[in-house]
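S.K.: Sequence and predicted structure below; questions after.
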Amino acid sequence: MNAELASLESRLRQLEDERCVQRLIASYGPCVDAADADGAAALWAADGSYDVEGWRMDSAADVHAMVSSTSHGELVASGCCHFLGPAVVTVTGDHAVAVCESLVLLRREQPTPGTTLGHAAWNNSPTEYLVWRATANHFELKRVEGDWRITKRTSRMLNGNPAAHGLLAAGLAGERAH
Amino acid sequence: MNAELASLESRLRQLEDERCVQRLIASYGPCVDAADADGAAALWAADGSYDVEGWRMDSAADVHAMVSSTSHGELVASGCCHFLGPAVVTVTGDHAVAVCESLVLLRREQPTPGTTLGHAAWNNSPTEYLVWRATANHFELKRVEGDWRITKRTSRMLNGNPAAHGLLAAGLAGERAH
Amino acid sequence: MNAELASLESRLRQLEDERCVQRLIASYGPCVDAADADGAAALWAADGSYDVEGWRMDSAADVHAMVSSTSHGELVASGCCHFLGPAVVTVTGDHAVAVCESLVLLRREQPTPGTTLGHAAWNNSPTEYLVWRATANHFELKRVEGDWRITKRTSRMLNGNPAAHGLLAAGLAGERAH
């Protein structure tokens, strides 16, 4: 391959790698909201970690157990939505860092008392979801036998906690979480 | 074109196709929130369908009628936001499958009673939106005269309904909806 | 470079440019939610503007001042999330237009009175965010010394205001805001 072609191939591979990481992160919500423990666990490296508000999972098997748990099953059965925003991805060879914000929504059994909306559509179908969490998410990933996998995910609620701000800043800079 | 060049072109086309499908899906919310019936209908193939919670539209013309309806116009006039997340897209030649989650938000005329926030910003502008729906969306698309169009969209609320979970799983696997 | 290679390079550059604009827009929320005034200001051209609901900033320095303000600091300290959806981007040479919808969420000090959810998870951690704003965002950007920067951002709440609808329509068409 000549030099011009090799340069194009390298730029193309960079876009492909970013696309794979974005696809992986965009798959997380659909996996866990469908209670697909196998699918969710497969996003992680076997020894990858997920640290969320003091709950630390140390392996893909731990992620599998979380998605299979009674507690998670109750959320899915009553109606939940893990909604991740577009990720900012920085790929460096076989490693990557990504950052995004996310929401977790839960279906309310009863809409908020006192709600009035001036159109028929809502009154005919008065469902409502509450936003339980708004979170900063920092991902570290590596290429494992050709596929991207999460090696470390750290998530902190956006409640004034400086650790959440540190995750956002590190992610934007393409740096590992501290 | 030599083999190396053809291989690069094929990989590039794959990224371009995914980008077109993502752009199409990301256009849906802005179209319907602007009550742009022509724009929304143009996202569908002429005979494409949209099945949402038992309301079935069987053509682009049906989608046009939905966005033009009095009911939809009332939502737009009072303030609504159809917010679709990043789509996971699987392109296979001239066909594609995509999946994403989405929210529909409606402006409340009065903020929730009893709301207290400890900063001036909200108190000076006490608006609020409620999340009416959180939904699983499965898309089937095809290339029609060079442009990607939706042939079938199926949407089910995330309220414990196993059909919603099936849509998410099929979408992630790049499979058609059942 | 021969013609075939030049054509591939041109298509690749188009994808790279869209990726850069999407990355820039996806960085806005994490920047401002981390109170990173330097990072947020660097998304704008030095003389770029940001017009949001009658508050007009006329330079990157004005954006820096907004993110550094006491008012913004109070939002961050109490917990906020500026959540932007996937952007529809149209690049034309050294200029671009993009459009997306966005939410601003604020942490409630007390969950909504009367909330009942039939699972332990929420009851053990009864936090809640309210959605303060749902907004149409129109971006104009240009390439400045090799980097994409915002030259004009216009944001209007989705509250029935026709100006918000105009921003969405212009953005989807790849046209400048009026």
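M.R.: Nice, thanks for sending it over.
S.K.: for chain A, what helix or strand is lowest in average pLDDT?
M.R.: helix A:120-124 (a mean of 86; mean pLDDT, DSSP states H and E).
S.K.: Give the buried residues for it.
M.R.: A:121, A:122 (16 or more other CB atoms under 10 Å in any protein chain shown). Where C-beta positions appear, they are placed from N, C-alpha and C, glycine not excepted.
S.K.: I'd like the distance from the next helix or strand after it to the chain centre, please.
M.R.: Beyond helix A:120-124 in the direction of the C-terminus, DSSP states H and E gives the next helix or strand as strand A:129-144. Centre-to-centre, strand A:129-144 and its host chain are 4 Å apart (CA atoms, centre = their mean, to the nearest Å).
S.K.: Same check on stretch A:77-88?
M.R.: 8 Å.
S.K.: ok now whichever helix in chain A runs longest, how far from the chain's centre?
M.R.: With secondary structure taken from DSSP state H, chain A has its longest helix at helix A:3-33. Centroid separation for helix A:3-33 versus its chain: 16 Å, with CA atoms, centre = their mean.
S.K.: How about stretch A:86-101?
M.R.: Computed by CA atoms, centre = their mean, the chain-centroid distance of stretch A:86-101 equals 12 Å.
S.K.: Quick check on the nearest residue to residue A:144 once chain neighbours are set aside: phi, psi?
M.R.: Computed as CB to CB, 6 or more residues apart in numbering or on different chains, the closest residue to residue A:144 that is not its neighbour in sequence is residue A:45, at 5.6 Å. With angles defined as degrees, to the nearest 10, residue A:45 sits at phi -70, psi 150.
S.K.: Tell me what residue A:141 is bridged to.
M.R.: Beta bridges link residue A:141 to residue A:96, residue A:150, judged by DSSP bridges.
S.K.: so it touches residue A:153, yeah?
M.R.: No: the pair residue A:141 and residue A:153 fails to qualify as a contact (CB atoms under 8 Å) at a distance of 9.1 Å.
S.K.: Please identify which of these two sits among more neighbours.
M.R.: Each of residue A:141 and residue A:153 has its neighbours counted (other CB atoms under 10 Å in any protein chain shown); residue A:141 has more, 27 against 23.
S.K.: Name all residues that make contact with that one.
M.R.: Applying CB atoms under 8 Å, 6 or more residues apart in numbering or on different chains, we find residue A:141 in contact with A:21, A:24, A:95, A:96, A:97, A:98, A:148, A:149, A:150, A:151.
S.K.: who wins for most neighbours among those residues?
M.R.: Highest neighbour count within the contacts of residue A:141: residue A:148, with 27 neighbours (other CB under 10 Å).
S.K.: Model confidence for it, exactly?
M.R.: At residue A:148, the pLDDT value in this model is 98.
S.K.: Just give the number of residues close to the residue nearest to residue A:144.
M.R.: Around residue A:45 there are 18 residues (other CB under 10 Å).
S.K.: who are the neighbours in contact with it?
M.R.: Residue A:45 makes contacts with A:60, A:142, A:144, A:149, A:150, A:151, as judged by CB under 8 Å, 6+ apart.
S.K.: separation between the first one and chain C?
M.R.: Spatial separation of residue A:60 from chain C under the definition CB to the nearest CB, to the nearest Å is 22 Å.
S.K.: count of neighbours near that residue?
M.R.: 22.
S.K.: wait, it sits on residue A:46?
M.R.: Yes: contact between residue A:60 and residue A:46 holds when scored by CB under 8 Å: they sit 5.3 Å apart.
S.K.: shared neighbours of those two, anything?
M.R.: Joint contacts of residue A:60 and residue A:46 (CB under 8 Å, 6+ apart) do not exist.
S.K.: before we move on, back to that, which of the contacts of residue A:141 sits closest to residue A:36?
M.R.: For those, the closest approach to residue A:36 (CB to CB) belongs to residue A:24, at 14.0 Å.
S.K.: Report the contact partners of the closest one.
M.R.: Neighbour list for residue A:24: A:43, A:141, A:148, A:149, A:150 [criterion: CB under 8 Å, 6+ apart].
S.K.: Pipe these into CSV and attach distance to residue C:55 per row.
M.R.: Converted to CSV, those look like this (distance: CB to CB, whole Å):
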residue, distance to residue C:55
A:43, 40
A:141, 38
A:148, 41
A:149, 44
A:150, 39
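S.K.: Low-confidence ranges, chain A, go.
M.R.: Counting by pLDDT under 70, chain A has low-confidence residues at A:1.
S.K.: how about a cut-off of 50?
M.R.: By pLDDT under 50, chain A has no low-scoring segment.
S.K.: Could you identify the most distant pair in the contacts of residue A:45?
M.R.: Among those, A:60 and A:142 lie farthest apart (CB to CB), at 13.3 Å.
S.K.: how close does the residue nearest to residue A:144 get to chain C?
M.R.: Distance, residue A:45 to chain C, by CB to the nearest CB: 24 Å.
S.K.: swap in residue A:12?
M.R.: 6 Å.
S.K.: mind listing what that residue touches?
M.R.: B:8, B:11, B:12, B:15, C:12.
S.K.: quick one: it from residue B:23, how far?
M.R.: Using CB to CB, to the nearest Å, residue A:12 is found at 19 Å from residue B:23.
S.K.: Check residue A:7 too.
M.R.: For residue A:7, the distance to residue B:23 - CB to CB - is 27 Å.
S.K.: the more surrounded of the two?
M.R.: Between residue A:7 and residue B:23, counting by other CB under 10 Å, residue B:23 is the more crowded of the two (18 against 13).
S.K.: Settle this for me: the more buried one is touching residue C:88, isn't it.
M.R.: Yes: using CB under 8 Å as the test, residue B:23 is close enough to residue C:88 to be in contact (5.6 Å).
S.K.: which neighbours do these two share?
M.R.: Counting by CB under 8 Å, 6+ apart, nothing touches both residue B:23 and residue C:88.
S.K.: Assess the claim that residue A:81 and residue A:33 are in contact.
M.R.: Yes: assessed by CB under 8 Å, residue A:81 is found in contact with residue A:33 at 5.9 Å.
S.K.: Between the two, which has more neighbouring residues?
M.R.: Applying other CB under 10 Å to residue A:81 and residue A:33 shows that residue A:81 carries more neighbours, namely 30 against 27.
S.K.: Excluding chain neighbours, what is closest to the more buried one?
M.R.: residue B:134 is the one closest to residue A:81 (CB to CB, 6+ apart), at 3.7 Å.
S.K.: beta partners for that neighbour?
M.R.: For residue B:134, the beta-bridge partners under DSSP bridges are residue B:103.
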